[in-house]
Structure formats: C-alpha cells, structure tokens
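Q: Predicted model and sequence follow; I will ask about them next.
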Protein chains: 4
Amino acid sequence: MIPRYSRPEMVANWSPEARFAIWFEIEAHATTKLADLGVVPKDAAQRIWEVMLARKAEHGDYHFDVDRIDEIERTTKHDVIAFLTHLSEIVGPEARFVHQGMTSSDILDTTLSVQMAHAADLLLADIDALLDALKRRALEHKHTITIGRSHGIHAEPTTFGVKLAEAYAEFFRNRARLVAARAEIATCAISGAIGTFANINPSVEEYVAEQLGLAVEPVSTQVIPRDRHAMFFATLGVIASSIERVAVEIRHLQRTEVLEAEEYFSPGQKGSSAMPHKRNPVLTENLTGLARLVRGMVTPALENVALWHERDISHSSVERMIGPDATITLDFALARLTGVIDKLLVYPQNMRRNLDLLGGLHNSQRMLLALTQAGYSREDSYAAVQRNAMKVWQMEGDRTGQFAENLKNDPEVTLSNEQIDAMFDDAYHLKHVDTIFTRVFGPAQ
Amino acid sequence: MIPRYSRPEMVANWSPEARFAIWFEIEAHATTKLADLGVVPKDAAQRIWEVMLARKAEHGDYHFDVDRIDEIERTTKHDVIAFLTHLSEIVGPEARFVHQGMTSSDILDTTLSVQMAHAADLLLADIDALLDALKRRALEHKHTITIGRSHGIHAEPTTFGVKLAEAYAEFFRNRARLVAARAEIATCAISGAIGTFANINPSVEEYVAEQLGLAVEPVSTQVIPRDRHAMFFATLGVIASSIERVAVEIRHLQRTEVLEAEEYFSPGQKGSSAMPHKRNPVLTENLTGLARLVRGMVTPALENVALWHERDISHSSVERMIGPDATITLDFALARLTGVIDKLLVYPQNMRRNLDLLGGLHNSQRMLLALTQAGYSREDSYAAVQRNAMKVWQMEGDRTGQFAENLKNDPEVTLSNEQIDAMFDDAYHLKHVDTIFTRVFGPAQ
Amino acid sequence: MIPRYSRPEMVANWSPEARFAIWFEIEAHATTKLADLGVVPKDAAQRIWEVMLARKAEHGDYHFDVDRIDEIERTTKHDVIAFLTHLSEIVGPEARFVHQGMTSSDILDTTLSVQMAHAADLLLADIDALLDALKRRALEHKHTITIGRSHGIHAEPTTFGVKLAEAYAEFFRNRARLVAARAEIATCAISGAIGTFANINPSVEEYVAEQLGLAVEPVSTQVIPRDRHAMFFATLGVIASSIERVAVEIRHLQRTEVLEAEEYFSPGQKGSSAMPHKRNPVLTENLTGLARLVRGMVTPALENVALWHERDISHSSVERMIGPDATITLDFALARLTGVIDKLLVYPQNMRRNLDLLGGLHNSQRMLLALTQAGYSREDSYAAVQRNAMKVWQMEGDRTGQFAENLKNDPEVTLSNEQIDAMFDDAYHLKHVDTIFTRVFGPAQ
Amino acid sequence: MIPRYSRPEMVANWSPEARFAIWFEIEAHATTKLADLGVVPKDAAQRIWEVMLARKAEHGDYHFDVDRIDEIERTTKHDVIAFLTHLSEIVGPEARFVHQGMTSSDILDTTLSVQMAHAADLLLADIDALLDALKRRALEHKHTITIGRSHGIHAEPTTFGVKLAEAYAEFFRNRARLVAARAEIATCAISGAIGTFANINPSVEEYVAEQLGLAVEPVSTQVIPRDRHAMFFATLGVIASSIERVAVEIRHLQRTEVLEAEEYFSPGQKGSSAMPHKRNPVLTENLTGLARLVRGMVTPALENVALWHERDISHSSVERMIGPDATITLDFALARLTGVIDKLLVYPQNMRRNLDLLGGLHNSQRMLLALTQAGYSREDSYAAVQRNAMKVWQMEGDRTGQFAENLKNDPEVTLSNEQIDAMFDDAYHLKHVDTIFTRVFGPAQ
C-alpha cells in the first residue's frame, strides 16, 4: 500500500480498528446464538452487547485499544487470544463465554469476507461514479465527430461520444462482474478446526451469517475455499485492464501530434520542472502502471487455491498483502479515472482537423462499394481506390479534397463528379449513433 | 496444443473445417437478412443456402476444401477473400452477393465467439461428468472416517466423503462461473470497419445473432471488446486452479507413508522402467502441470484488453494460441480428473491406521474443552493437554491409547477415567456430516 | 506452436527426429564409456556407432522410423523402451548393451538440455542478425534529427539513430543474458533413479557431458533442478519485452498523425480488404502479441521449480508446451523484428515537420537556463517561459517561429533578439551524439 | 510492505531518509564535477560538502527534515524542487548552484539504481548466510540415510546431506544470478531531458557514476532502460521459487506420517490455540506464500519495459510498490529460511523407519539388474521383481525383510539366498556421496 495511491475509506477498511470491530461482532453474534442454544448464559451474551454498544454510542466506534492488544499479543503470541483478553478487560468476566467452541479461522476467514465484501461495495460505488462521468461526457459528445482508428491509422469517422459509450458499456459489464465477485466471497464459515462442526452447532454459523449479511459457506475445511478469493482477484484484474484501456486511449489522444483530448491542466501547474512547455498525461500513465500492479496480484491468488488437505497457511501472507493492495489500488485508480473523465479537456476542432488530414481517405470503403455497385469488379474497384488513395497518402502539404480530386481525374473511374462528391458526406457514417446510444444507455438518456 | 493432452471433439472445434462452417453460416445468414432488406436478391440468398445445405446433407458437413482455400490465400493474401472465392467456386455467381457491406472482423470475431461458446459447452459437459463422479464417490464414502489435516499435520477426524463433497461444491461453483463466462463471450458483432454500421444495417447483426444463438454486442469497434475474452480466460484459470487442488490432494494421499488413496493401477502397468516396485500418481502430477499452463494464459488475455483506439491486431496472435490451447488443455484435464476420481482406489483401512497413528491426539481440542468446562482455566487446561500430548508425539513405537493413558496418569488432570474415555468417541466428530451433505447435494441424494 | 508464427529450423529442433538423434547419441556415448569401464563389451559399443554412423552417412541423419517407434510404444507404453527396441531392430543384438544402469530421466533431461541449448544458439544468431540491422540503420540515421518525446509529448530533439542505438544497446544486453541463460541449462545428468549414481559410475556422466558440449550437473535428483529452466524462460520473457518495446515505438511512429516511419509496404499489398487506403503496422502489432505469449510462459516455468522431493513429473507437461512454444515464438519474433528494422521506411522530412510543430517549444528548457543565467530567479524564469510557451500551445494554425516571437514581444523578457534567436539552434541538442555512438558501437563504427 | 514480513535494514534502504541522502550525494558529486568544468564556482561546491559532512559527523546522517521537505512539496508540487529548497535552507545561497543542467529523472533513476544495488547487497548477504547454514547441516547429515522419493513414492536411498547439498548448489546458482542482476541495475544516468546531454557534459555522469560505484548507462532516454529492472525482478522471482522448493520439502518432511524433520518448536510455543497437540510447519508454509508474492511482481516488471518513446511514467507506480515489496519480502524470506535450516529438527531414526517401511522394495532396481545380469530377459526380470514387489506393497502389517523373503520363495527366481541378501546392502546406494559433496562443496569441506 502506497499512501499516494490510496484513499482513506478503503484504507480504513483494512485498519486494525475495522478488523477488531468485525471480530467483535462475529464473536458477539455467535455468543448470542450460543446463549439461545443454552451453551452460554443469556445474560452474559446480553451484557457483552450492552457494554460494547454503549461504548460505540459514546465514541462512535467500539474503541478498542490497538496498542494494548499488540502488547498482549507480544505475550500470548496469538492475535485472537490477545483480542479476547482485551475484550475481557473492557467487558469484564462475562467475556469468558465468548469464542466457545470456535476456532481462530472461524473469526479470521469470516472477517476477511466482511472486509472484501465492504471493499467490493466501495469499488461498486467507484464504478457507479465512473459510469456517471462516462455517460455525462458521452452524451455531451454524442455528435462530436472524430476519426476512428484501427492499427493507429485513420479508418472511418465515429464520434467521441461513441468512444465513451464503449467505455461505459465496458464498465457496466465490470460492474456486473464485481457484483458476482462480491457474492463469491461474501460467505461465513464457523465450522471448527476441520469444518465438521465438531464443537459448535451449525446454527451458530447460520445466525452469524444472517446478522452480517453473508451467505453460509456450504462446506468449509477450517477455511473458506480459496477458489472464491481467486475469482474475486481475477475480477479485479479484469477491471484494472479496462482502466488501462481507457487510460491508453487518453494518452494517445493527448500526444502532441494528435491532441484531441487532454487531461485537465490547472492554472499554475507545472508539467515538467525542466521543460516549461510540457503538459503530460501523467494521470493516465499512472493508471497504466496501477493496472499492471493489480493484474500482477491475480496469479498469486490463483496459486492460493491448491492448499494442502483441509488447509495450509500459505495463502495468508499472500492475502495480507494483496487483500489491501489490490482493493486500495483499484479504488484509487477508479477514482482517478473518474476525475480524468470528468475534467477531460476535449478539442473538437482538433478532431476535425485530424479527420481531414488525409484529404477524405476515410471514405475509401464507401468509394469501393460505390464502384462495385456501379458494376466494377471488386478487384478493379480496389485497385482504382487504392491507386488514388496512395497518391494522397504520399503527397506533401495540404491534402484537403485531394482524394475526391484524384478520383475525378482518374480516367478509369467513370463516376460523375456529383456521384463522387456525394461519397464525402460525414453524416453517412454517423447515422446509427442513436442506435448505439440506445443500446448502451437505453431509450431515455 | 499437444496431441497427448488433447481430446478430439475440442480439437475439432478449432479445426479449419469448423471455422469455415461458421464463416459460411454467418455470411449466409447475413445474406438472408440483406435480401429481406432488399440489398441483395432474395433468390440469390436462397440459392446459397440450398446448395450448401444439399452439400451438407450429402457429406455430413459443408465440405469445404481447406487445401484449395489455402491455395487461393497464397494468391490473395487474405483469408476471408480466399474463402469467399472458394465459396463462389461451389455456389456459383450468386456468391457475389455474400459479404456485402461487411468487414473481415465481423466474420472473424463472431466466429471466435461461436467457437468459444462451443468450447464452453464442451467444458460444461466435462464439469457435469466430473460432478457426477465426485458425487458418486462422495456418497460412497460419506461415512469413511479419515483424519483431517491442517498444515499437513493431523488435526481432527472428518470423512473421505466430506473431502469429496468440498470438491463437488467447488466445481459446482466453477460450473456457475463458466456459465457466466460463456455468456460474456457469446456475442455477435456485425458493425463494420469502426463499429458505426456505416455500410450495413444494425438489423443484420441482430438477425445473425439470433440465428447463431448469440447476444448482440451493444457497441463494438471493429472488434468485440476484449474485456469479455479476458473474463473468459480468467475463469478458465480459476477452474484450472481447482483442478490442481484436487490433484494435489490425491498426490498427498498416495504418498508412500500415507497411502489412503491411489490412482487406479491397471494389471500389467509399469510405474517405472527402472524400479519395478513403483506406483506413481502420474495423472494427478500431470494435472498439476496442466493447471500451470492454463493459468499462464490468463495474463496474456488480460494484457489483450487495452487495444489501441478502435482496435489493433495485437490480440490476434495471442488468441490464436490461447484460444485452442486453454480450452483443449482444460477439456483434457477435466476429463482426466474425472477418470481419476471415477476409478480412484480408496483404502479405508489405511485411513483408520493413520487416524490412530497419534494415539488419540486428534481429540486434544475436545479434551481442552472438557477441562475448561470442568472449571480449569483456559491456560491450565491448555498446559495439561499439551503436556500429555507432546509425550505421545515424542514416543517411539505403537501409540495406541497413549493419550488417554497419559491423561489418566496425570495427577493434575482430575477427570475420571470414564470421563476421559468418553472423549475418544469418533462419532462426536462426524455428527454433522449429514448437515454438510444436505447443504452440498440437497435433501435427496 | 502456430505454423504461421514458426520457422523451420527451430521447429526441427523440437521434432521427434531431432529428439531421437539426441537420445541415440547420449545412449551411444554412454555405452562407449561403459565399455571403457569394462561394464559392456567394447566391440558392441563400437558396432553400434559403426552401424548408425554408416546410416547417417547414407541418409544424412540416423533415419529412425518415428512411426515404428510410435507403434512399439503403443505396446510397451514407454517411450524410451520403444526407442531402444527400435534401435535393436536397426543395430541388432549389440543394442542390448545400451542403457545399462541408466534411468529414463537421464536421457530425457539431458536431451532437453541439448534441445534448449540448440534453441539458444538459434536465438543468439537471431539476435546477431537483429543487432546488425539495428546498427546499420542507426549509423544511416545517426544525424537524422527527430523530436524526443516524454509522455508522448514533444520534449527536446534527438536523432533517429540514437533511438536505434538504444535498441541496439538493449539487445546487446539481451544477447549477454541469453548467453548466460544458455549456460544455465546446458548441463548433463546421468545419475540414476535418485541422483546417487547407485547403478552407474559418475565418469559416464562426465564423458557424455564432454561429448555433447554440456557441463556436468553437480547434483541432480533423477532430474536436473528446474531453477535452471526457470532462469532460461525468465530470460526469454525479458527479451520478448524488449521486442515489444521496439514494436511499440514503430507502431507509434507509424500513426497517421505522426508518420515518421512505416513498416515496408510492398507494391500490390492490401492494408485492409474493406478500406483500400490503409497501411497498417500489422507486423509490429503482431510482435506485441507474441511478446505477451512468451511472457505468459515465465510464471509456469517459475512454478515448475518447487518439485516434490527428488522429483515429481508436473514440470513435464509444462515443458512439453513451453519448451517449443517459447523458443519457436521468440525465434519467429526476432526474425520478424529484424525484417521490420531492415526494411523500415523512414521519413526524415516528416520528423522535421513534427519537430517544428510546436513552433520551437522544444527549446523551452534552454530558454529557462538562459534566463536563469541572465540573473532571473528560477521561479520568474519558469513563469516567463511557460507563459510564452502556452500561448504557442493554444494557438491555431502554423506556429513556425512563434515561441521566439512571443519571447521577443514579452516586455518582462529582457534578452536581446539575438540572444533569443541563438537559443533555437538544433545542433546544440545533438552535440553529444558521437559520444553516445562511441559508447554503444565502439570507437570504430 | 507488511511489517511482520520485513526486516529493518532493508526497510531503511527504502526510507525517505535513505532516498534523500542519495539525492544529496548525486547532486553534490555532480556539483563538484561542474565546478571542475568551470560551470559553477569551486568554493560553492566545496562549501556544500563541508556543511553536509559536518552535519553527518554530528548526527550520524545528513539529518534532512523529511516533514519540512513534505511541507515544501505541498507548495511546489515537485519532490526534487522541494528537496533542493530544503537543501538551501541548510546550506545557504551556495545551494543555488546545485542541479545545474540536470533533470529530475537524472536524480530519481540513479537513486533507484543505488537503492536496488544496495538491496542486492543485502540479499547477497542473506544468501551467504543461507549457504552457510545449508553447508553446515549438509555436512552434519552427509551420511544420514533417508529414502529418496520420486512422485512422492519411495524410490531408492540417498542421504539427508545430499538433499541439503542440492539446495546449497541451487542457492549457489542463485547467488551468481543475483550478482549478475545487481550489475544489470547498478548504472548511472545523468543525461538530461531526453538523454542527449544537451545541457550537461557527459563527464558529469562519468564522475558521479564513479563516486557512487555505478557503471555509466551507455545510452539513456531521460530514464535508464527498463529491461535492466525487468531482469532484476525476474531474478528475484527465480530465487523466490527456489525458496519455495526448500520450503515445500520441509513441509513434506514434517507431515505427521513422515516426520523426518520438523521446524524448531520452542518450549512454551503453541501450535494451535484450539488443538494443543499441534506442531505445524508454519514458517515454511509462510515462505511458500511469500514466494508467490515475489513471483507475482515479475510480470509487472516485464510489462514496464515497453515505455513509450523516450519515456512514459507508467513504470513509476509499479516500481514504487515492487521495488520495496519484492526486496523486503525476499530479504525476510531468505532470513526466515536460514533460521529454519539452522534450527531444523532432524529425525534420523524416523528416516530409517520410513526407509524400511516397504520391506526392502527400494532395492527393486538393483534386483532387476541382478536378474538381467544372471541371464534373464529384461521382460522376465521385470515381471519377477514386480510380482514379488507388489505382494509386499499390498500386505498389511510389518513388512521387514519381506521383499527378500518373497524373492527367495519365488521358484522362478533362481538366485541363491546369499545372492539375494547381497542386494540389500544400503552402502551400495551411498558409495558416491563423496563425489557429490566434492562437486558441490569442493575437495576441502
């Protein structure tokens, strides 16, 4: 976790305070249920909640003393025991009824589920904000014509709004994927040392799951199976790759020779300490790097699946790092991308200038079809169009109107000048933009 | 693709013949719709279908001449044009109406969707077969007691059926993931050079999609967006990791010192040419390697997402390799795992022998709880149980009953011999096996 | 392995014929040494070589019948035994002395070493050819001025030769890395079932190693340790990433708006079947994809290191795929890149045009330093330069000379017109090109 | 970076204090050289060193005020400028001569080189300590006989010392790889905004490189080329995989049924809070996870190579995370592994017990060779040995001596009892242990 690539709410999700709060709630809910089952005294269960909820009312949170827990852990060498000791310091003797028949992993794994589910909620909100920004800018530029490029080479016109609509559709898919990934990891396991419920009734698991808004893990083995977590991190890797896609698009559009769009550059900002003329797409370059980082965490998560027998602890160090790092980095990246989209400087006049750069060549396919329809063989049509296109390609200086001009002057092209000119109508390319927008944003936008 | 790790049906899915058949159907359906729209003559569209369906009726498939197409491609240097030329050799002049207003990528990308969707169908059938095998063996060994191990160290008893139930639940999840992944990539794009439908009506895309059982891609950019494919391959990586998990479990169980289960070893089989006594878990070791291969294809698929602008072709070489390789390898691996599970030799007597190896130590938690309930502090209970357990751990020779014996002889342990003996009842650990099976397999099994 | 991304010599290296030839030579050399040690009859060892060398003299190779070996393997279910049986069909009864005291892995692993070492030799030759092409074009364009870009934004001038010199230096490093990687895997192990030489004298290993040009593996465990192979494949991943770097550079330079260089486009070539005007950088886009593929094979090779105990066979399926695939793909990619560099179309006039696009802003740093030296504070200098630069940045139309003009008109900039004009001398930026070239190519070029 | 998986010296290497100290030294050495060149006043250069060295003498370090630098950065929004401002607060007006003609990347990239080189030095010391531990324990157990296992199944005997010798040889290779990787990244670049030395003489770079113990980067492009860093991180990934290999070996040996070695378990340690009988290999399981983490950082480093043109800044966020994380994690892992090896509990009596588990089957190859030499065909020999071996394999209870017994009772095996008994001499397997040790540790150990 790098502070400069972190946002406070997601960092807080992985803080010791957040972890201990979840530990407490799991233990307390379990104790409530154990009291129902007659395993522990009802008034003890009640008292624990009362003390802690009063504390929360007073302080805004359960107010555990993290330093004190660390201090106890240095003696006990066991984090859960240290926590329980500290809890009894707060609650008093009733705390001894907490954790009856439970295993540390019951607490730790279910806590990870709560943290990951909450991380997913924050990421979903991030995606929603990004979708809002993408939609707003897409509608704004629905009809802003720009050249579409395949292979980095001018192809045919599209609109800047359509580009953003594609990004919207992609993040709309990512939203659905993340909802599914959240469901994958939002499970609760309180099943004991080997998952057999030897020392605890399955109804405790069911009760705690319900209280925490989790599903019951159907069969656990001391731990929740790690294919769930693998799927979660793999999904984050896909989302990171989509971020990279949009980032790369903007980096391309900001290149000096292109300059169709630009990251917002505030008054007083310095692009380079050495070269005062610079305005660099540093935010989207940064997003490209952050995407690599999140992607790099997918394979360790996949390698975590094949634990030995009912569990080994090799997954733990991996998750201690990638749990926070992947979600904090992705949260930061989504928010940064939203900011970039939101304030993106768009230059329609440069788009128009670039579109015209090749003197009308973006209509080469249309001309090819026209010749074919006029009775030329496909081969002859292609040769005629390519021949006249390449002349434009290779000329120096202003190419405005040159493609049409060349065609008109080509004795083997027998279309009339009017017929040729009719092929250079940009509206032809944009006639289905409405269709696309309706597909992406629905009929009412 | 390695022949020894391939199965014919999945290989066929990626053959030139299969590819050309899909190409034809996309072109022919599109031509039908174009005829409806009045763009091409209706009888031409009809004639193309008639010729080709007659051909299929006669030969069992469309019977394209792959060598001939290759020969034409050597001249035209374009695969789709070579195909269309060959089609006109078969169909005659009506073929010139095929491909009107379409782009090569319309064909190529939609074909990849059909192939990947079919690959997913084959993989789903593989998972179903695996689920069947896992369920059958799980029910067979529902009550076969065996030691559960955390960290590779004996923990508490479970049953071999519960182990298999966990694998079943995991592949049940994998099935759902694959269904979702199939939906991700089962889309159709016939939207032209830059996705704007400049030269083809969107209704053609809708018609072809319907005919092929695909969804319409809401917004494409010459190509279908690659976040879809990334999600598909990421899902295969998760499934491969689950395969590895089961494979590693079996490899462990077959270790000489453990030998609780064993890959089927046929009469006449040789485990090693040099050492005639060997019976090695070579199939599950192989599955471990195959899992690495499939996992290694996830990152290239993720890197494919950030294509430049409306498309660059860098994804193509990646998909030419990982499209077939990932699905063929996973298909083979799933089938191999099913065979292993199906014929797995299970040794309940060895499970029992191993369970007893530590002289009853697997009841240490239960004894700890009993002492706590008898009024000992948690610390004193732990010390007493650990002290007596470690003596068993370190002794040589037969440990049968030693843990109970030590406890009875420990003056600080004041439980009666009857109370101690009552702690060594294995049924205690298995009382919730029914609950777990109901959760995994439902009430009727 | 995809035929279209393969070259015959590297494919041949991984053919059954090549493999069997190496098998034979390992067996025959070992037999020679065993004869020296008195373990097998000297004339048998001699006879084996005589028969096979005569065969090689006649046919050009040892002329093993691969189909026949496959046929025998279907009975024996063991590849090495099938080979030995076929060898005895050729050589006669003397063949029974072959393989005495050896283990299959002795043959298989040493063969892999020979194949990988030979693959490395081919790749080294590929890199040498690439270095030649890079050097030739670098010297050709040593003084071809072009704008250097950081963040995709114009920075300061450099030369196209310097760009290629950087690529040369990078592949010069890659060459050294590959030499080291070759040494990693060029080892011989003939040490028996568990690496203890129980049934074969270590001098056999030493003799065979010497004959094959391999080093002796100091300690093997039935297999050669896989950290060696991991290092080999990791090195290929680095080289692939360098290929991607050069490929991305060319893709950028070929963008329509930039067009400073272009992949060779042959007369009659079609860039797009739909859009006849297109000239796309498809070769370098393809190289980008191939780089992803090779990179994706690094992690499986790393996962192969941690085999269980003295060996498990999980590495085998991985290496069957990535051994050929990584080397064949990289060989193809290096050769393709060499061809691209060799025939690259370079457009110095476009480089000049782009360089001038920002009206002299590439001298902003120089102007900043000049103002500082003239006594302005760094802050004031920066503000003055930025202020005048941004005016150029935002203007429409031809910017030639505008930066100097603005500075001259700025009342707060007190430099004389002559002083300002002196800052716009491009030779200033290129004065150390010789130094760089001497560092990269040595004093005599 | 996770505190619990970190060691202070490596953490310090990446601290702001360490970074600023390197920044200062680069700037100060450059100023010294610029003074030699007459660009800045000699007494200013001298004064800067005098002030700062006096400060270092007083405080033990240069004593930069990190909070103050952060405070300035909040205003200037530029880290290097903030540092230089703070430097001038300490040194006085002479500081204005610092950084003349330099670019931020000159400082930042060269600093990264110094930090990575120092990290490599720490890792090399870690490996040396590990090699010492491995050698000591290897010599201690040079003759401790143990069963070698292929596929997890008993094969033939080796010694525990030979196992450790293999690990020693592997880390000896890793040491050489890391020395090479250190040389890769230990370069200095002070070459200006685009690597052309436009505003600074190349001799400054040469001087600073020499002072810092770095090589000169032959050609840089504002940044040092990232293939160097990729090779560095790839090498760390290989080393991590070797750590995993040893870790997996120990985890296997500690399994309850095997228990041939065990991580040190201190008096008073608790293996599990729930199950007091447990002694788990948690350190080596942790190492397995840490290996996954370091491995996961290789691909992001490879993806960093293909920066755009003369540089983009996408690599920066990746390196901010993996620079510290990979080296800190690997440093911790190497030290942890050294501790594990150093204190490893080894149980030769359990090794002996396991070796005898299969009643002598580990001599099956030897018996096979003996029968062959006695004139049996290979097929008949194999059948006889396998037949008698499988009987042992499948029997219940104590198998001591059973393989020999069966052979003696087999009417088709005509060897005498003496001949058969002679095959069960373990020294036969260990006769070349000296050879192996001499190869690995040299003649004098």
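A: Sure thing, it's come through.

Q: how about the one helix or strand residue A:108 maps to: buried residues?
A: Per DSSP states H and E: residue A:108 is located in helix A:104-140. Residues of helix A:104-140 classed as buried by neighbour count (16 or more other CB atoms under 10 Å in any protein chain shown): A:104-120, A:122-124, A:126-127, A:129-131, A:133-135, A:137-138. For glycine as for every other residue, the C-beta is placed from the backbone atoms N, C-alpha and C.

Q: That one vs chain D: in contact?
A: Yes: against chain D, helix A:104-140 shows contacts by CB under 8 Å from any CB of the partner chain at residue A:104.

Q: for the record, mean pLDDT for that helix?
A: Helix A:104-140 shows a mean pLDDT of 98.

Q: right, and the helix or strand after that helix?
A: Following helix A:104-140 in sequence, per DSSP H and E, is strand A:145-150.

Q: Mind giving me the packing neighbours of that following strand?
A: Contacts defined by 3 or more CB pairs under 8 Å, 6 or more residues apart in numbering or on different chains; DSSP states H and E place strand A:145-150 against strand A:153-159, helix A:160-185, helix A:348-355.

Q: Turn these into a markdown table, including mean pLDDT.
A: Formatted as a markdown table, these follow (pLDDT from 0 to 100):
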| stretch | mean pLDDT |
| --- | --- |
| strand A:153-159 | 97 |
| helix A:160-185 | 98 |
| helix A:348-355 | 97 |
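
Q: Is residue A:100 part of a helix or strand, or is it coil?
A: Classification of residue A:100 by DSSP: H, G, I helix; E, B strand; the rest coil places it in coil.

Q: does it really touch residue A:33, like I thought?
A: No: using CB atoms under 8 Å, residue A:100 makes no contact with residue A:33, being 10.5 Å away.

Q: Over to residue A:102: give its phi and psi.
A: According to degrees, to the nearest 10, the main-chain angles of residue A:102 amount to phi -100, psi 160.

Q: what's around it, how many residues?
A: By other CB atoms under 10 Å in any protein chain shown, the residues close to residue A:102 number 24.

Q: OK, contacts around the residue sitting nearest the centre point of chain A?
A: By CA atoms, centre = their mean, chain A has its centre lying nearest to residue A:239, at 4.0 Å. Taking CB atoms under 8 Å, 6 or more residues apart in numbering or on different chains as the criterion, residue A:239 is in contact with A:123, A:127, A:174, A:177, A:178, A:294, A:330, A:334.

Q: okay, those in JSON lines with distance to residue D:400 next?
A: Putting these into JSON lines (distance: CB to CB, whole Å) gives the following:
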{"residue": "A:123", "distance to residue D:400": "62"}
{"residue": "A:127", "distance to residue D:400": "67"}
{"residue": "A:174", "distance to residue D:400": "64"}
{"residue": "A:177", "distance to residue D:400": "60"}
{"residue": "A:178", "distance to residue D:400": "61"}
{"residue": "A:294", "distance to residue D:400": "57"}
{"residue": "A:330", "distance to residue D:400": "60"}
{"residue": "A:334", "distance to residue D:400": "66"}
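
Q: Return the member of these nearest to chain D.
A: Nearest to chain D out of the contacts of residue A:239 is residue A:294 (CB to the nearest CB; 9.3 Å).

Q: Looking at residue A:100 and residue A:33, which one has more neighbours?
A: More crowded of residue A:100 and residue A:33, by other CB under 10 Å: residue A:33, with 23 against 19.

Q: Now do the same contact list for that one.
A: Contacts of residue A:33 (CB under 8 Å, 6+ apart): A:203, A:204, A:207, A:208.

Q: Tell me how far residue A:204 lies from chain C.
A: Using CB to the nearest CB, to the nearest Å, residue A:204 is found at 38 Å from chain C.

Q: How about residue A:403?
A: Distance, residue A:403 to chain C, by CB to the nearest CB: 8 Å.

Q: Around that residue, count how many other residues there are.
A: Neighbour count for residue A:403, taken as other CB under 10 Å: 27.

Q: shouldn't it be in contact with residue A:389?
A: Yes: between residue A:403 and residue A:389 there is a contact under CB under 8 Å: 6.5 Å.

Q: Are there residues contacting both of these two? Which ones?
A: A:361, A:364, C:277.

Q: Okay, the first one and chain B: tell me how far apart.
A: For residue A:361, the distance to chain B equals 12 Å [CB to the nearest CB].

Q: what does the stretch 151-300 of chain A put close to chain C?
A: Selection of the stretch 151-300 of chain A residues close to chain C by CB under 8 Å from any CB yields A:151-156, A:251-252, A:254-258, A:270-272, A:274-282, A:285, A:299.

Q: Against residue C:144, how distant is residue A:396?
A: Going from residue A:396 to residue C:144 by CB to CB, to the nearest Å gives 18 Å.

Q: ok, now residue A:239?
A: Counting by CB to CB, the separation of residue A:239 from residue C:144 is 43 Å.

Q: just residue A:75 next, same as before
A: Residue A:75 sits 72 Å away from residue C:144, going by CB to CB.

Q: between those two, which one's more packed in?
A: Per other CB under 10 Å, whichever of residue A:75 and residue C:144 has more neighbours is residue C:144, with 20 against 10.
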